[in-house]
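Chemist: Sequence first, then the predicted structure, then my questions.
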Number of protein chains: 4
Amino acid sequence: MTIVLGPNQYGKAENRVVRVYRDSARHEIRDVNVSTSLRGEFADAHLVGDQSRVLPTDTQKNTVYAYAKEKGLGQIEDYALGLARHFVDDVEPVRGARIEIDEYAWDRIEVDGRPHDHSFVRRGQETRTTIVTLDGKDAAQRAWVVSGLKDLVVLKSTGSEFHGYLTDPYTTLRETTDRVMATSLVARWRYIGTDVDWDASYAGIRSLLLTRFAQVHSLALQQTLWEMGKAVLEQHDRVAEIRFSAPNKHHFVVDLAPFGLDNPNEVFHADDRPYGLIQTTVLRDDAPDAGLAWYTVPAFA
Amino acid sequence: MTIVLGPNQYGKAENRVVRVYRDSARHEIRDVNVSTSLRGEFADAHLVGDQSRVLPTDTQKNTVYAYAKEKGLGQIEDYALGLARHFVDDVEPVRGARIEIDEYAWDRIEVDGRPHDHSFVRRGQETRTTIVTLDGKDAAQRAWVVSGLKDLVVLKSTGSEFHGYLTDPYTTLRETTDRVMATSLVARWRYIGTDVDWDASYAGIRSLLLTRFAQVHSLALQQTLWEMGKAVLEQHDRVAEIRFSAPNKHHFVVDLAPFGLDNPNEVFHADDRPYGLIQTTVLRDDAPDAGLAWYTVPAFA
Amino acid sequence: MTIVLGPNQYGKAENRVVRVYRDSARHEIRDVNVSTSLRGEFADAHLVGDQSRVLPTDTQKNTVYAYAKEKGLGQIEDYALGLARHFVDDVEPVRGARIEIDEYAWDRIEVDGRPHDHSFVRRGQETRTTIVTLDGKDAAQRAWVVSGLKDLVVLKSTGSEFHGYLTDPYTTLRETTDRVMATSLVARWRYIGTDVDWDASYAGIRSLLLTRFAQVHSLALQQTLWEMGKAVLEQHDRVAEIRFSAPNKHHFVVDLAPFGLDNPNEVFHADDRPYGLIQTTVLRDDAPDAGLAWYTVPAFA
Amino acid sequence: MTIVLGPNQYGKAENRVVRVYRDSARHEIRDVNVSTSLRGEFADAHLVGDQSRVLPTDTQKNTVYAYAKEKGLGQIEDYALGLARHFVDDVEPVRGARIEIDEYAWDRIEVDGRPHDHSFVRRGQETRTTIVTLDGKDAAQRAWVVSGLKDLVVLKSTGSEFHGYLTDPYTTLRETTDRVMATSLVARWRYIGTDVDWDASYAGIRSLLLTRFAQVHSLALQQTLWEMGKAVLEQHDRVAEIRFSAPNKHHFVVDLAPFGLDNPNEVFHADDRPYGLIQTTVLRDDAPDAGLAWYTVPAFA
């Protein structure tokens, strides 16, 4: 028996870059959280502590900040692709890179009905995300872009049912034809290729997810997610697949009968834990292979 | 020497009430986090474990949910006043009550350009707050309302200076006439009386805080807060005072010179800790006494 | 009517200082989170943006780190007192200072049964705290030390009752003579004077709090807190008062009857929200006046 | 082109079960957070909202609590295996299950030097984890157990170097032969088979990880992790592989020269973000195939 080094990667996580464009009096701002991971020929760093092939994470951090000036920080997918290509193409021992970015949106503050030139309020709501993975040198190089959003909290106060489910001796739940359905959505979609108008695509997909969530009369959160995903694939031909992770944020009808009160779905307790958790995938049957698009090392942490 | 019981209060914290109004197809929603605290004649519960004068926190929870139906949950200040009056007026040993509420705003989802009847997306951005304190029975009863907001994150990409400060042997900071200024604002304002249109007042004050943050050319965060507070007092005659707690969310200009790059306030690192923290008060010199409006037991935790 | 500046303070929050003593091969470590606040003649900074009397928070940060070397970082109360005295005594416009410190404990890693010289594992469990407040110059100067702990999570699996309480139309809770009682304790105690062996006092009080929590057969969390506080005051004559903030971390007996199972207090659901919250004070009736010991600006945030 | 349903799973996340054993006056306690996920024939729930093959997450929750009584909650791996087998064996449409458990340790409170019968203090420090995956019915059934720990925070105040690394035009880091090294360790190890004394194995591996962290004179965090993992595999023949996710919690030496002070690695700033992140695997070259041991749907969220 021999003990060997398995899959590994290293990088600098959560570089908090804020880029201000101030070419005119009307400033623009991009606010991101960037994590880099490099894969390659780093065995000696593990086995004998030899760092000669290791680009320090401090250097990766410097590069992240420098690129925000040198190459610019516009659409996060382009910025991530630029960083990934730099690490793989320009640093000899690096065979692959994974760049993960979260973006926080800002709105202009309105003053007397007009958007201000250089004062902003953070929008809150969802965080936009991208994960760019690059693998291989030169002609063998492949790239994958998985973009998405997280923490988009949505709720329907009616138009949601849950009944006809499987029962067993541990089942006590009552069926309902009218309940509150709420989730804090995580959605990640894998693009085909990299020739995409990322900002427009993001805006379109976000809008479609919200619209379908509203429109679908739901028989289960699973069904709603399927319909949301299907709509995205139908209308966005550069999207190969979309994955959802959706906690079922339970809103329990409070029993007010002891106090002589009816409660026809008007007063709810928003509970914390436990919560249902639905994770699912909608994809094209002719989608190109996912390759390393979803790959992480280790699988979770 | 004798050991005695000092100030005390007890209650049920963080009741997560969601109230849906569904009188028409166009639902309305209020989403709040309610904490109750009662003060009064509870010494025996401490000294000898006698609960006969203690209204259980479980009962307080029930009341919070029942009142959302029985009295309704509209403007949070009214709902809090109703709860406080109930506890003090209807429960004999209770001499005072403090009701604290956080409210999370929801927007309607837009479908084909029209707001949906019963599908919502959480707005994110700031949390609206109120703290209602009631003290005394019958004619001696007094009420205080302190409303506010927290987690309103704002940023100016220019229009902020910091120089001319006091120096000592531990000073290394360089002066600047152009910096990023950002904060995650907490503001709490104390009303005079309770005859207020709470929702309109909140909207007006929130808008004014944002406007003044944008307009004021800042020589220090202290100055900006003063100007924001002064504008609120000038335009809202029912506000006796306003208090701010404002972390200075530092955005440091990254030194890109080692990479041959200029950085004229374009690339920043948004740092986490430590952070400056400014806490201040703006008030009318003829404001009525604050009484118990700001009182907590213990002073902090 | 005139609008005026009210109470205010400013400082640098959450300086994360780690101090290693390495005078011998056996290193010592202190790991703290330090927040400074200064009070004084800072009106012009607010009213007209004049910083000439403002010591920058950046300088306060530098001082915190420098003092960890210059004066040393041993017992956190001494370190806080040193910082507070420096700011008030050495910086002319400063009239008062409040230094708040959290300390994280580390244990030595055991190797072959012996504690290692320079390898540590963070203990977890509670955080030790102190808040030192200094007010006034020269002979008029007064100091207060409030030390304590937070996040000490304790649980009794029996020996806790709750019954005989006040009921009203909103009461549904059932009485019990055997329940789980658990809390995540915050305790803060105010010392008389500053001539105290802080580390020994902390260890003694912590141990006493745990012991009394275990020993007292509880008729209510209020009673347990009273007994814990009383024991501290009886055995520590330098403690003037002690304040508690104690969430009642509810452990609900799960109803297993639908599955044909008894549940005699064996299986519980540990719930998150809402939770009972008890806040109380135990003090000596001849305790010196608290002065500014508990004072904050604003009262909360 | 056809749009199809891809990999999916659903379950009840974060069931907070506390199990008290009270067969004698000396109680025992297990405190866990259980998440269930089921895989199987659930396409109709997504595609047409037909729930007839879906066991509600509410039923899964009931089962988790009931099993803590019915089967007992001792070693978390056994409890998780019991739950997984129940779902796969007893619920017809279920083809696979993934049970993830976090366990929080409690110590007995010491009273007069003796451990108390029914009063406990939460240990803090690391959380013990397990992930049990079951796939297939009857003879085709396979099981994988991945146990581990997270949030084990360790620090070396010396005995760590970092130099000889690759440089490029973005490198500014200085080499060091003496630095603080600290991490908040996540480790997960995959067992061969299920015939293991889980508690003993956990204790042994935890101790070994700490010991090797202390003993290894480190040339890089990668090397330390490799040595820690190698020791585990050498001494625990039922462990097939171990994976680490280790943030490099940077402790920066503070420059005190402007204040006329030396700082020979005595005063550090413990920084938050960004941080290095090392993820790596150590495994036996003859380890059985990992199968679904590390599988999640989607890959991350």
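Modeler: Received it, and whenever you're ready, just let me know what you need.

Chemist: Next, count neighbours for A:Thr167.
Modeler: The number of residues packed near A:Thr167 is 12, by other Cβ atoms under 10 Å in any protein chain shown. All C-beta spots, glycine's among them, are computed from the backbone N, C-alpha and C.

Chemist: Skipping its backbone neighbours, what lies nearest it in space?
Modeler: Closest residue to A:Thr167 apart from its sequence neighbours, by Cβ to Cβ, 6 or more residues apart in numbering or on different chains: D:Thr59 at 7.3 Å.

Chemist: Which strands or helices does the helix or strand that neighbour falls within pack on?
Modeler: Element membership for D:Thr59 (DSSP states H and E) is helix D:57-70. The contact analysis (3 or more Cβ pairs under 8 Å, 6 or more residues apart in numbering or on different chains; DSSP states H and E) places helix D:57-70 against strand C:267-270, strand D:9-13, strand D:15-21, strand D:28-40, helix D:76-90.

Chemist: where exactly do the strands run in chain A?
Modeler: All strands of chain A, identified by DSSP state E, fall at A:3-5, A:9-13, A:15-21, A:28-40, A:94-104, A:106-111, A:114-122, A:127-135, A:142-156, A:181-191, A:239-248, A:251-253, A:267-270, A:275-284.

Chemist: Can you lay out these as a markdown table showing mean pLDDT and distance to chain C?
Modeler: Output for these, formatted as a markdown table (pLDDT from 0 to 100; distance: least, Cβ to the nearest Cβ, whole Å):
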| stretch | mean pLDDT | distance to chain C |
| --- | --- | --- |
| strand A:3-5 | 97 | 22 |
| strand A:9-13 | 98 | 18 |
| strand A:15-21 | 98 | 16 |
| strand A:28-40 | 98 | 19 |
| strand A:94-104 | 98 | 21 |
| strand A:106-111 | 98 | 20 |
| strand A:114-122 | 98 | 17 |
| strand A:127-135 | 98 | 23 |
| strand A:142-156 | 98 | 17 |
| strand A:181-191 | 98 | 16 |
| strand A:239-248 | 97 | 14 |
| strand A:251-253 | 98 | 12 |
| strand A:267-270 | 98 | 9 |
| strand A:275-284 | 97 | 11 |
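
Chemist: picking up where we left off before, buried deepest among the helices and strands packed on helix D:57-70, which one?
Modeler: Most buried of the helices and strands packed on helix D:57-70, by mean neighbour count (mean count of other Cβ atoms under 10 Å in any protein chain shown): strand D:9-13, with a mean of 24.

Chemist: which helices and strands sit right next to it?
Modeler: So strand D:9-13, by 3+ Cβ pairs under 8 Å, 6+ apart, packs with strand A:275-284, strand D:28-40, helix D:57-70.

Chemist: Can I get the ones you listed in CSV including distance to D:Ala80?
Modeler: Formatted as CSV, those follow (distance: least, Cβ to Cβ, whole Å):
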stretch, distance to D:Ala80
strand A:275-284, 17
strand D:28-40, 8
helix D:57-70, 10
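
Chemist: can you list the residues of the stretch 201-301 of chain A near chain B?
Modeler: Within the stretch 201-301 of chain A, the residues that sit near chain B (Cβ under 8 Å from any Cβ of the partner chain) are A:207, A:210-211, A:213-215, A:251, A:254, A:256, A:258-259, A:261-272.

Chemist: give me that answer again for 6 Å
Modeler: With the criterion set to Cβ under 6 Å from any Cβ of the partner chain, the stretch 201-301 of chain A comes near chain B through A:Leu210, A:Thr211, A:Ala214, A:His251, A:Val254, A:Leu256, A:Phe259, A:Leu261, A:Glu266, A:Val267, A:Phe268, A:Ala270.

Chemist: Surely the last one touches A:His251?
Modeler: The reference is to A:Ala270. Yes. Contact criterion Cβ atoms under 6 Å: A:Ala270 and A:His251 qualify, at 5.4 Å.

Chemist: Quickly list what's touching both of the two.
Modeler: B:Val18 (Cβ atoms under 6 Å, 6 or more residues apart in numbering or on different chains).

Chemist: Relative to chain D, how far out is the most far-flung residue of chain A relative to its centre?
Modeler: Going by Cα atoms, centre = their mean, the residue of chain A most distant from its centre is A:Gly260, 46.0 Å out. In this view, A:Gly260 and chain D are 28 Å apart by Cβ to the nearest Cβ, to the nearest Å.

Chemist: OK, now which residue of chain A is nearest to chain B?
Modeler: Nearest residue of chain A to chain B, counting by Cβ to the nearest Cβ: A:Gly124, 2.2 Å away.

Chemist: residues contacting that residue?
Modeler: When contacts are counted by Cβ under 6 Å, 6+ apart, A:Gly124 is found next to B:Gly124, B:Gln125.

Chemist: go with 8 Å
Modeler: By Cβ atoms under 8 Å, 6 or more residues apart in numbering or on different chains, the residues touching A:Gly124 are B:Arg123, B:Gly124, B:Gln125, B:Glu126, B:Val153.

Chemist: Filter these down to the buried ones, ChimeraX style.
Modeler: A single ChimeraX command is used to select the members of those judged buried by 16 or more other Cβ atoms under 10 Å in any protein chain shown:
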select /B:124,125,126,153
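
Chemist: and which of the contacts of A:Gly124 is nearest to B:Val186?
Modeler: Taking Cβ to Cβ as the measure, B:Val186 sits nearest to B:Glu126 out of the contacts of A:Gly124, at 9.4 Å.

Chemist: wait, A:Pro278 sits on A:Lys249?
Modeler: If you look again at residue A:278, you'll see it is Ile, not Pro. No. The criterion here is Cβ atoms under 8 Å, and A:Ile278 misses it with A:Lys249 at 11.5 Å.

Chemist: and those two? which has more neighbours close in?
Modeler: Using other Cβ under 10 Å, the more surrounded residue of A:Ile278 and A:Lys249 is A:Ile278, with 24 against 18.

Chemist: Give me the distance between the residue of the stretch 151-300 of chain A found nearest chain C and B:Thr127.
Modeler: Per Cβ to the nearest Cβ, A:Asp272 is where the stretch 151-300 of chain A lies closest to chain C, at 4.1 Å. Counting by Cβ to Cβ, to the nearest Å, the separation of A:Asp272 from B:Thr127 is 17 Å.

Chemist: ditto for A:Tyr170
Modeler: Per Cβ to Cβ, A:Tyr170 is found 38 Å from B:Thr127.

Chemist: Could you check which of the two is surrounded by more residues?
Modeler: A:Tyr170 (24 against 18).

Chemist: which residues touch that one?
Modeler: Counting by Cβ under 8 Å, 6+ apart, A:Tyr170 makes contact with C:Phe259, D:Thr59, D:Asn62, D:Thr63, D:Ala66.

Chemist: Swap in 6 Å and give it another go.
Modeler: Contacts of A:Tyr170 by Cβ under 6 Å, 6+ apart are D:Thr59, D:Asn62, D:Thr63, D:Ala66.

Chemist: For the second one, which non-adjacent residue is closest in space?
Modeler: Computed as Cβ to Cβ, 6+ apart, the closest residue to D:Asn62 that is not its neighbour in sequence is A:Tyr170, at 4.4 Å.

Chemist: any idea how far that neighbour is from B:Val4?
Modeler: Remark: distance between A:Tyr170 and B:Val4 (Cβ to Cβ) = 53 Å.

Chemist: next one: A:Met181
Modeler: Per Cβ to Cβ, A:Met181 is found 53 Å from B:Val4.
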